[in-house]
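# predicted model and sequence below, questions to follow.
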Amino acid sequence: MVTLQKEAHILDCSTTVLAGAPDVSARTGAQTHIGRSVPRVEDMPLLTGRGSFVDDVGVKPGTLYAAILRSPHGHAEILSIDAAAAMRLPGVRAVLTGADVKQWATPFAVGVKQPMEHWCMAIERVRYVGEPVAVVVAESRYIAEDALDLIRVEYAKLAVVVDPEQALLPDAPVLHTAVGTNAVNDRNFRYGDPDAAFAAAERTVSIKVRYPRNSCTPMECFAVVAEHLPGDDGYEVLSNFQGPFALHPVMARALKVSGAKLRMRSPHDSGGSFGTKQAVSTYVVLMCLASRKAGAPVKWIEDRLEHLVAAVSATNRVTTIEAAVKADGEILALRYHQIDDCGAYLRAPEPATFYRMHGMLTGAYKVRHLDVRNQVVLTNKTPTGLVRGFGGPQMYFALERLMQRIAVELGLDPLDVIVRNLIDADAFPYATPAGSLYDSGNYQAAVEQARKEGRLDELLARRDQVRANGGLYGIGYAMIVEPSISNMGYITTALTPEERAKAGPKNGANTSATVNVDGLGSVSVMIDSVPQGQGHRTVVAQVVADALGLEPGDIVVNTEHDTQKDGWSIAAGNYSSRFAGAVAGTVHLAAMKVRDKLALIAAETLNVAPDELVFAQRKIFAASSPERKLAFHRVAGNAHWSPATLPAGMEPGLRETVFWTPPQLAAPDEKDVINSSAVYGLVFDICGLEVDKVTGKVRIDRYVTLHDAGRILNPALADGQSRGGFAQGVGAALMEEFAYGEDGSFLSGTFADYLVPTTCEVPDPTILHMATPSPFTPLGTKGIGEGNNMSTPVCIANAVADALGVADIRLPLTPSRIHELLAVAEPEPSGAGIAFRPGVPARAKGKGGHALSMSGSVDLAATPEQVYAVLLDPVALARVVPGCRELTLIGDNHYRADVTIGIGLVKARYLAEVRLSDLDPPHGLSLGGSGVSPLGSAEGDGRLNLEATPDGTRLSYDYEVAVSGKVAAVGGRMLEGAAKVVLRQLFEQLGRQAIGGAEAPDRSWWQRVLKLLGRSK
């Protein structure tokens, strides 16, 4: 733990760095650029369609294109893969399978000590729907996609587990047999004396919460262009990978090459990420191997369906949290039991979602006793990763829901409970029990400012008025501490002290930046962050312009990253809100080194001391005599054009690269104390909302969010980050959830079922700011990009809990879930002719996937005998079934079918087996079958009954089918609509075929048999 003496030393050092920045405005009247809402330089190319994303970058002649065959099953053994037919398709150049991967690669490194193998492609077993099984490389993406239908994979389905609590049961299916359990990491932590605190408590309050699995939906999905270089030169990759670049050695190791032989480059632009594009690392390795197999560069662009089905998501977490409290609401101790569902594999850098927040489990509160149990659990879902604010939404949903419950159960005002427990304003820097060192803050002042400027009194009056009229109105609060600049050693807290000692210490948060001035005085900057639309170039230009006395338009900022040319470290990348505090601060340090060098050069010419010089208005001059001045470009030129005139001992050139790391970021100690981040901001939110009793809709009346992010570099961009985080938080609270069937089928594969908020659903929040500058960063800045995605979901949940007077709040709070809380039954869906009952019907339970139950009747202009004859004739039945390519009789009443079915944008070619049973000619029969395609599987059973009518036959049916894989992922609405279309086509064609069959001279053998039995004319 950092001592107070060390804290004071850090504070003094940081103050000295801040003092190094000249106060230009005070000495010259020139306006500084930091702190102003300078328009983004990034916008014009983007708004005019001239951005340069991965798919815009030209590729080498001969580049091929990849498509990925993905598992339709949540859990299955791969018995065989037959790619011969795909290879015969003209234009196909290669098919990469698990056998190739095992030859050329190794499994990814795992962050915990477990015998778990996670490859870039499924090897022998698939563990989640969407897991890559093969890659087709062809001359076009169209050909590659067509070839996927020709690959035949034989699976043996295994038992599936999708619930993390069920995954912990002794009889649960085990995903990795070598591990022997689904709990791949289980650690207990104790700080202070929680047992004594609970024993002495006047009351205890506990709550169990579940945070759902959700993700991000960036406009641009994953993209990789990979080339296996000739000889032994390794691989070259262009990708929208955002970092952290700690994954670069993980990828290099998986490819069996040294780090220098995996060259990774990023494009000029990236269309959003919010954390998801750190997970592109799996596809980097996969496409490198595809290039090696094909002998040519390979390009792969992920489509939206792939992204939703198989991209990274946030962990869904189950938390039981308990507080030992006094009667006045003061919290003495906290006890956590957290279960993180990390999906099928623990993909690096997980379990980061757990341990990024570990040092700050007490939040903004002065709780000194803490008891924690963390369990990392695997299920048959996609591997999780660093979704915006990772760890924060899950942790604060538990902690802040507990704060609200303490108030309710003790009969206190929730805001009073929050304020009573806040860390005192004079306690900073404040060390939490688990080790986080909060750098600065005044939490009480934040509450008071939000209360006044957010007009809380109006919301309270509004609540009273609505409730008096019989309505449902609630007010919620959330107080969260926002970490930024991650300590690269925090993930090792998942290991025991003994395991860490053996592996060696890991800590720090290295950041690099380069400032270069050329012979004409032009300034360029390179940074180690890879932006996804935040405006890094704009802010960096502001920082450098202030340091060198220039205008932002004078600065060229290059954010393209090249691991073979640029300065970087494993901490590089765009994550954990590190830009403002670490990257912009390091840019400032590099610019100041250039400035100091220029000051030495100009001082000799002007015959003044270097510290008397002022840089402003593109000039360098003495503060005491401004008329004695030199043009910036002239002084810069001397370092290039006349190095002999430079001061004695000065090296020529004006290029400075600075590496910076916060000194207070140590490795976790033997007591598991860890300062997981360098600086800590604050977000305090107030939400007033109304719930409609009839529709179940939640209407946000007013949302107030106050941020303390230290010194704000560009207010417009800071507010933009807050609005973006707020929008994502609204989605998490009210709309977004990845849903899975019992068999691991993914059910949220389009925006019809994974609902994302638009501007129509996101109200305009009231954004407030206060500033307690950080003493630990060069510019006094902290992070602001993730806070509302941590605070908004629980703030809205607390407001709904207040409105409804309920304790168990589960996100997302959709209208149907609100109806459940209100005990209001939704009306049954209605239909004409065909009745669809959504959900898993009684007989379909256990099949998983998207289950449809269909029943109804249709009148056909043919006799029952004619209809029955068609059902039993393979040739005639093949003409009836929509999309049937082939129907072959392989046994008594047992058929093999090749059927193509299209649902929305998804077309699936199924190889199916169909069995007829319980034959009662011509009155009825039972029908059952199953099928598999590259995009999913299906199975169902049902009964058809034929009843004679004056006009022909009434066919009644009762059928249930479960669909899984990518087809199921298109969502219930489209599946139900498609089923109606398919059934209508089937019955119309059945009637026509039956009539035509009766008139045809050649009858089927079944018709001849029926005639002999006297049942047909």
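All right, it came through fine.

# so how far is residue 643 from the nearest residue to residue 182 once chain neighbours are set aside?
In space, residue 182 comes closest to residue 167 once its chain neighbours are excluded; the distance is 4.2 Å by Cβ to Cβ, 6 or more residues apart in numbering. To be clear about C-beta, it is placed using only N, CA and C from the backbone, and glycine gets the same treatment. From residue 167 over to residue 643 the distance is 67 Å, taken as Cβ to Cβ, to the nearest Å.

# which one of these two is surrounded by more residues?
Legend: neighbour count by other Cβ atoms under 10 Å for residue 167 and residue 643, higher for residue 167 (22 against 12).

# ok, now which ones touch that one?
Applying Cβ atoms under 8 Å, 6 or more residues apart in numbering to residue 167 gives the contacts 161, 182-183, 341, 377-379.

# swap the cut-off to 7 Å and go again
161, 182, 377-379 (Cβ atoms under 7 Å, 6 or more residues apart in numbering).

# just those residues: which are in helices?
Secondary structure defined by DSSP state H assigns none of the contacts of residue 167 to helices.

# closest to residue 690 among the residues you listed?
Set against residue 690, the nearest of the contacts of residue 167 by Cβ to Cβ is residue 379 (36.7 Å).

# verify the stated contact: that closest one with residue 165.
No. Residue 379 is beyond contact range of residue 165, at 10.0 Å (criterion: Cβ atoms under 7 Å).

# the more surrounded of these two?
residue 379 (28 against 14).

# buried sites along stretch 154-170?
By 16 or more other Cβ atoms under 10 Å, the buried positions in stretch 154-170 come out as 155, 157-158, 160-164, 167-168.

# what's the answer for stretch 713-723, then?
Buried positions in stretch 713-723, judged by neighbour count with 16+ other Cβ under 10 Å: 713-714, 717-723.

# could those be laid out in a markdown table, adding distance to residue 193?
Formatted as a markdown table, those follow (distance: Cβ to Cβ, whole Å):
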| residue | distance to residue 193 |
| --- | --- |
| 713 | 43 |
| 714 | 46 |
| 717 | 45 |
| 718 | 41 |
| 719 | 44 |
| 720 | 45 |
| 721 | 40 |
| 722 | 39 |
| 723 | 43 |
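
# mean confidence (pLDDT) on stretch 616-635, please.
Averaged over stretch 616-635, pLDDT sits at 91.

# straight-line length of it, end to end?
Taking Cα to Cα, to the nearest Å, the first and last residues of stretch 616-635 lie 14 Å apart.

# make JSON lines from the buried residues of stretch 154-170 and add distance to residue 805 and pLDDT to it.
What follows is the buried residues of stretch 154-170, written out as JSON lines (distance: Cβ to Cβ, whole Å; pLDDT from 0 to 100):
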{"residue": "155", "distance to residue 805": "49", "pLDDT": "96"}
{"residue": "157", "distance to residue 805": "45", "pLDDT": "95"}
{"residue": "158", "distance to residue 805": "44", "pLDDT": "97"}
{"residue": "160", "distance to residue 805": "37", "pLDDT": "97"}
{"residue": "161", "distance to residue 805": "35", "pLDDT": "98"}
{"residue": "162", "distance to residue 805": "32", "pLDDT": "97"}
{"residue": "163", "distance to residue 805": "28", "pLDDT": "97"}
{"residue": "164", "distance to residue 805": "29", "pLDDT": "98"}
{"residue": "167", "distance to residue 805": "33", "pLDDT": "98"}
{"residue": "168", "distance to residue 805": "32", "pLDDT": "98"}
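
# and those residues, which of them are in strands?
155, 157 (DSSP state E).

# now, which of the contacts of residue 167 sits nearest residue 193?
When these are compared against residue 193 (criterion: Cβ to Cβ), the nearest one is residue 377, at 29.1 Å.

# what pLDDT does that closest one get?
pLDDT, read off for residue 377, is 98.

# got a list of what the nearest residue to it once chain neighbours are set aside touches?
Leaving out its chain neighbours, the residue that sits closest to residue 377 by Cβ to Cβ, 6+ apart is residue 164, at 4.5 Å. By Cβ under 7 Å, 6+ apart, residue 164 lies in contact with 316, 318, 339, 341, 377, 379.
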